[in-house]
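Student: sharing a model prediction with you, sequence too.
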Amino acid sequence: MTTVHRTEKTFVPQTPGLSRTNNRWFAALLFGNLAMAFGPVFVRLADCGPVSAGLWRLLLPLPLLALLARRAGQPVFGHSVQAMLILLLAGVVFGLDLASWHLGIGHTRLGNATLFGNVGSIFLMLWGLVMARRRPRLNELAAVACALLGAAILLGRSLEINTATLVGDLLCILAGLFYFAYFLCLRPVQAHVGSWTLVFYTGLFAAPVMLGAAVLMGEPIVPHVWWPVIALALCSQVVGQGLLVASLTRFSPLVIGLALLTQPAISVGVGLALFGEMPGGLDAVGMALVAGALVLARA
């Protein structure tokens, strides 16, 4: 398996200094990724089908997101036609991302879904280096190398790729590519649309995509037990997506991409606590490499 910014900010790819404000936003970025790492758990617990759970993830927070945008002084209405068309495209891509990912969650292990769903973060890191239009610094190359090696170790240790999980794995990889495209779609409107407004509209425009996919899959739409989808909406969409989008104007694509790679590491702990998936020594090495990559990126 999103881009928020304040309306007065302009997105400039750069590595921020170690100011107190930036440290708070960095903590918020990591907390948002922590929240999203629990999303697959609530998808599995929902009794309405994985894609339908994603639909409610988008619909339930809409009034709250509109209220948060209003309180933050971010206009929900009155945007240009061009901005709305870009938001529409971003919403459709985000809907395709969620539909693919939630279907994948239902057909593979938690670790598979989280790792493959974040494959787009690798492309985001590389894209950030290309957009910098300069030769990569040593710490940036080391950060990317550590992140990729750590993710590869976690992939090899926590995932069991076989014919039973192949379809789910491929769906999650497809979701990761859609997530990368979602970030690129949001870039042109980051400087004009507030973060909460951005999350509001992408969720609004992604919902029909999720509804169509759920109907096509023949899933039950309305859950009997509501708390898993409510938790999914608050945890993944409001907290996770909101903080991630708000961080996109404050950190370079490299740092954002590396932060996204913390989700697989978190999923190992979640898998151990809830599903008894005991990590081995190499898993710890993989998590340490991802954490080291974050430190290098911050340096």
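Tutor: Sure, I can see it.

Student: give me the distance from the helix or strand harbouring G150 to the chain's centre.
Tutor: Using DSSP states H and E, G150 maps to helix 138-158. Distance, stretch centre to chain centre, for helix 138-158: 18 Å (CA atoms, centre = their mean, to the nearest Å).

Student: list the helices and strands it packs on?
Tutor: If you count contacts as 3 or more CB pairs under 8 Å, 6 or more residues apart in numbering; DSSP states H and E, helix 138-158 packs onto helix 110-117, helix 120-131, helix 253-260, helix 262-275, helix 281-298. Where you see a C-beta, it was placed from the backbone N, CA and C, and this is true even at glycine.

Student: do that again at 6 Å, thanks
Tutor: helix 281-298 (3 or more CB pairs under 6 Å, 6 or more residues apart in numbering; DSSP states H and E).

Student: now the helix it packs on: mean pLDDT?
Tutor: For helix 281-298, mean pLDDT is 69.

Student: same question, stretch 242-252
Tutor: Stretch 242-252 carries an average pLDDT of 79.

Student: next, count neighbours for the residue lying closest to G91 once chain neighbours are set aside.
Tutor: Ranked by CB to CB, 6 or more residues apart in numbering and with sequence neighbours excluded, the top spatial neighbour of G91 is F205, at 2.5 Å. Taking other CB atoms under 10 Å as the criterion, the count of residues near F205 is 20.

Student: just checking, next helix/strand downstream of the host helix or strand of F205?
Tutor: Assigned by DSSP H and E, F205 falls within helix 195-217. Using DSSP H and E, the helix or strand that follows helix 195-217 in sequence is helix 227-232.

Student: just checking, what packs against that next one?
Tutor: helix 39-45, helix 50-59.

Student: out of those, flag the one nearest P136.
Tutor: With CB to CB, the closest approach to P136 among those belongs to helix 39-45: 31.8 Å.

Student: check which residues of that closest one are buried.
Tutor: The neighbour-count check on helix 39-45 (16 or more other CB atoms under 10 Å) flags G39, P40, V41, F42, V43, R44, L45 as buried.

Student: got any ranges where the stretch 1-150 of the chain has weak pLDDT?
Tutor: Residues of the stretch 1-150 of the chain that meet the criterion pLDDT under 70 lie in 1-21, 111-112, 121-122, 125.

Student: re the thing from before, switch the buried residues of helix 39-45 over to CSV; also include distance to P136.
Tutor: Formatted as CSV, these follow (distance: CB to CB, whole Å):
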residue, distance to P136
G39, 32
P40, 33
V41, 36
F42, 38
V43, 36
R44, 39
L45, 42
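
Student: tell me the one among the residues you listed nearest to H192.
Tutor: Distances from H192 to the buried residues of helix 39-45, taken by CB to CB, are shortest for G39, at 28.5 Å.

Student: I'd guessed the closest one sits against S236; true?
Tutor: Yes - assessed by CB atoms under 6 Å, G39 is found in contact with S236 at 4.0 Å.

Student: test my guess that D169 contacts T108.
Tutor: Yes - in this structure, D169 is within contact of T108 by CB under 6 Å, at 5.4 Å.

Student: looking at it, Y201 is touching L87, isn't it?
Tutor: Yes - counting by CB under 6 Å, Y201 does reach L87; the two are 4.4 Å apart.

Student: just to revisit the earlier point, quick check: next helix or strand after the helix holding G150?
Tutor: Toward the C-terminus from helix 138-158 - assigned by DSSP H and E - lies helix 163-186.

Student: and that following helix, what's buried?
Tutor: 165, 168-169, 171-186.

Student: which residue is the nearest non-sequential neighbour of G286?
Tutor: For G286, ignoring the flanking residues on the chain, the nearest one in space by CB to CB, 6+ apart is I153 at 3.5 Å.

Student: mind listing what the one you found touches?
Tutor: L282, V285, G286 (CB atoms under 6 Å, 6 or more residues apart in numbering).

Student: nearest to Q190, of those?
Tutor: So of these, ranked by how close each gets to Q190 (CB to CB), first place is G286, at 32.1 Å.

Student: run a quick neighbour tally on the closest one.
Tutor: That count, for G286 with other CB under 10 Å as the rule, works out to 26.

Student: just checking, it touches L149?
Tutor: No - in this structure, G286 is not within contact of L149 by CB under 6 Å, at 7.8 Å.

Student: returning to that earlier point: switch the helices and strands packed on helix 227-232 over to a markdown table; also include distance to V130.
Tutor: What follows is these, written out as a markdown table (distance: least, CB to CB, whole Å):
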| stretch | distance to V130 |
| --- | --- |
| helix 39-45 | 29 |
| helix 50-59 | 31 |
